[in-house]
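J.: Sequence and predicted structure are below.
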Amino acid sequence: METPNTKKAHPGNIILSSVAIIVVIGAMIYFANYFLTGSKYLETNDAQVESYINPVSARAGGYIKQVKFDEHQVVKQGDTLVVIDDREYREHVTEAEAAVDDANAQLVVLSASITSAETGTLVNKDQIDGAKARLVQQHADIMRYKNLIKEEAITGSDLEVVQSHYDVSLSDYNATQNNLKTSYAKIAELRSRKALLIADLKRKKALLHLSHINLEYTVIRAPYAGKMGRKTIQEGQQIQAGQPLVSIVDEKEKWITANFKETQVYGMYVGQPVDIRVDAIDDKVYHGQIEAISASTGAKFSLLPPDNATGNFVKIVQRVPVKIKFTSTDIEPVKAGMNVLVSVKKKVI
């Protein structure tokens, strides 16, 4: 027979006791695993995925004619993103081409003038030869007439006539020589003007090349393959040169910046293997290795680094940035900015 004072266990107490036992066992397993892992690994969850996120800026101002990308669209290097109205830039190119043509025409005309002046020097030289021959003849006549006047075969007036002819021939000879010098001076002047025209032509060609470059800037292309960011521009919008239009994320090159405590970095080395767990991706462990260890704590790189000598000192454990690159190749689901847990196996000494 059953004893009347015997109490039956309440089902709720049994459940609570079971849950308590399970929690205690789970906690024991967690802490045991934590201490076992902590003795072999250095971990930090102060880590994020990094990638190059660059703004695509306009190199030329104007009205947006076409926007050829969507938000978060995958693009290839060289894909057209934005087209700016280029009519004004095309007119600048036409104007620069006309200026180059004008400079070339002036150069042709000046070259013809130099050639003409050089031909004129040949004429001057022939004139000098003719004047010299007449001068020699008149000089011989004077000598002959002087001999005749000594013999009283001619009168003094005849000698004066011959002397005047000689003076005219001498003047003609000097004039032809001066004309030759003038021709040479004119040629030198024309050649100096040609050098100026050549320099001006180079300047105008440079302006033409610059006009073509500005025309090319009206088509904005992707600088590298990646994924586009937010779309904040529309067709018909006025933009200025240097204005950021959209950001592009380079998804081919990703790395992790892990901020380890200063007490953890001793013994770390470049090339050390790393296990990476991404918070957003369950049951997946990526692999990597340390690529670089910062030469300073993160606080020293801040805009206003702390100065412990300016007030009451409170010791705070500093963080040292460590750059980790992925060695796993299947990292497409990993996005820039995601939080990760990094585990570095301690170096066995």
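T.: Perfect, I can see it now.

J.: Show me how the protein divides into domains.
T.: Here the domain assignment for the chain is 41-53+246-345, 55-82+221-239, 88-216, based on automatic domain parsing.

J.: I'd like these laid out as JSON lines, including mean neighbour count and mean pLDDT.
T.: Every residue, glycine included, has its C-beta placed from N, CA and C. Shown next, in JSON lines, are the domains of the chain (neighbours: other Cβ atoms under 10 Å; pLDDT from 0 to 100):
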{"stretch": "domain 41-53+246-345", "mean neighbour count": "15", "mean pLDDT": "90"}
{"stretch": "domain 55-82+221-239", "mean neighbour count": "15", "mean pLDDT": "93"}
{"stretch": "domain 88-216", "mean neighbour count": "14", "mean pLDDT": "83"}
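
J.: Let me see the ranges of the strands in the stretch 1-150 of the chain.
T.: 41-44, 47-57, 62-67, 74-75, 80-84 (DSSP state E, counting those that start in this stretch).

J.: Check which helices and strands the first one sits against.
T.: Packing contacts for strand 41-44, counted by 3 or more Cβ pairs under 8 Å, 6 or more residues apart in numbering; DSSP states H and E, involve strand 244-261, strand 340-345.

J.: Tell me the neighbouring strands of it, and mark each as parallel or antiparallel.
T.: Looking at strand 41-44 with DSSP bridges, its partner strands are strand 340-345 (antiparallel).

J.: who's in contact with the partner strand?
T.: Strand 340-345 has contacts (Cβ atoms under 8 Å, 6 or more residues apart in numbering) with 37, 40-45, 47-49, 256, 258, 260, 268, 272-279, 290, 324.

J.: mind redoing it with 7 Å?
T.: 40-45, 47-49, 256, 258, 268, 272-279, 324 (Cβ atoms under 7 Å, 6 or more residues apart in numbering).

J.: repeat for stretch 69-88
T.: 56, 60, 62-68, 215, 218-228, 230-231, 245-246.

J.: re earlier: turn the strands of the stretch 1-150 of the chain into CSV, columns for distance to M28.
T.: Putting these into CSV (distance: least, Cβ to Cβ, whole Å) gives the following:
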stretch, distance to M28
strand 41-44, 20
strand 47-57, 28
strand 62-67, 60
strand 74-75, 49
strand 80-84, 58
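
J.: Which of these sits closest to S17?
T.: strand 41-44 (34.4 Å; Cβ to Cβ).

J.: where does the closest one sit relative to the chain's centre, distance-wise?
T.: Mean C-alpha position of strand 41-44 versus that of the full chain (Cα atoms, centre = their mean, to the nearest Å) differs by 41 Å.

J.: Dump that strand to PDB, restricted to CA.
T.: Only the C-alpha atoms of strand 41-44 are listed here, as PDB (Å, rounded to 0.1, in the frame of the first residue of the first chain):
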ATOM      1  CA  TYR A  41      44.400  30.900 -30.800                       C
ATOM      2  CA  LEU A  42      44.400  34.700 -30.700                       C
ATOM      3  CA  GLU A  43      40.900  36.000 -31.600                       C
ATOM      4  CA  THR A  44      39.300  39.400 -32.200                       C
END
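
J.: Identify the residues contacting it?
T.: By Cβ under 7 Å, 6+ apart, the residues outside strand 41-44 that reach it are 258-260, 264, 341-346.

J.: want to throw the residues you listed into CSV with distance to E95?
T.: Putting those into CSV (distance: Cβ to Cβ, whole Å) gives the following:
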residue, distance to E95
A258, 57
N259, 57
F260, 61
Q264, 65
L341, 62
V342, 60
S343, 65
V344, 63
K345, 68
K346, 70
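
J.: And the nearest residue to I248 once chain neighbours are set aside, how close does it get to A195?
T.: In this structure, I248 finds its nearest non-sequential neighbour in G226, 4.8 Å apart by Cβ to Cβ, 6 or more residues apart in numbering. In this view, G226 and A195 are 50 Å apart by Cβ to Cβ, to the nearest Å.

J.: Also K252?
T.: From K252 over to A195 the distance is 52 Å, taken as Cβ to Cβ.

J.: Same question for S113.
T.: In terms of Cβ to Cβ, S113 sits 14 Å off from A195.

J.: phi, psi of E332?
T.: Note on E332: backbone dihedrals following degrees, to the nearest 10 are phi -60, psi -40.

J.: Which residue comes closest to it once chain neighbours are left out?
T.: Per Cβ to Cβ, 6+ apart, closest to E332 is E251, 7.3 Å.

J.: Go ahead and confirm that neighbour touches Y224.
T.: No - using Cβ atoms under 7 Å, E251 is not in contact with Y224; the gap is 10.0 Å.

J.: And the helices in the stretch 101-250 of the chain?
T.: Secondary structure of the stretch 101-250 of the chain, counting by DSSP state H, counting those that start in this stretch: helices at 156-216.

J.: May I have the beta-bridge partners of I53?
T.: On the basis of DSSP bridges, I53 is bridged to V249.

J.: now do L341
T.: For L341, the beta-bridge partners under DSSP bridges are R277.

J.: how close does it get to V285?
T.: As judged by Cβ to Cβ, L341 and V285 stand 10 Å apart.

J.: Give me the distance between A336 and D279.
T.: 14 Å.

J.: Same question for D141.
T.: 120 Å.

J.: wait, L215 sits on Y89?
T.: Yes - using Cβ under 7 Å, L215 is in contact with Y89, at 4.4 Å.

J.: I'd like the distance between the closest residue to K261 other than its chain neighbours and Y266.
T.: Using Cβ to Cβ, 6+ apart and skipping the chain neighbours, the partner closest in space to K261 is V317 (5.2 Å). As for V317, its distance to Y266 is 13 Å (criterion: Cβ to Cβ).
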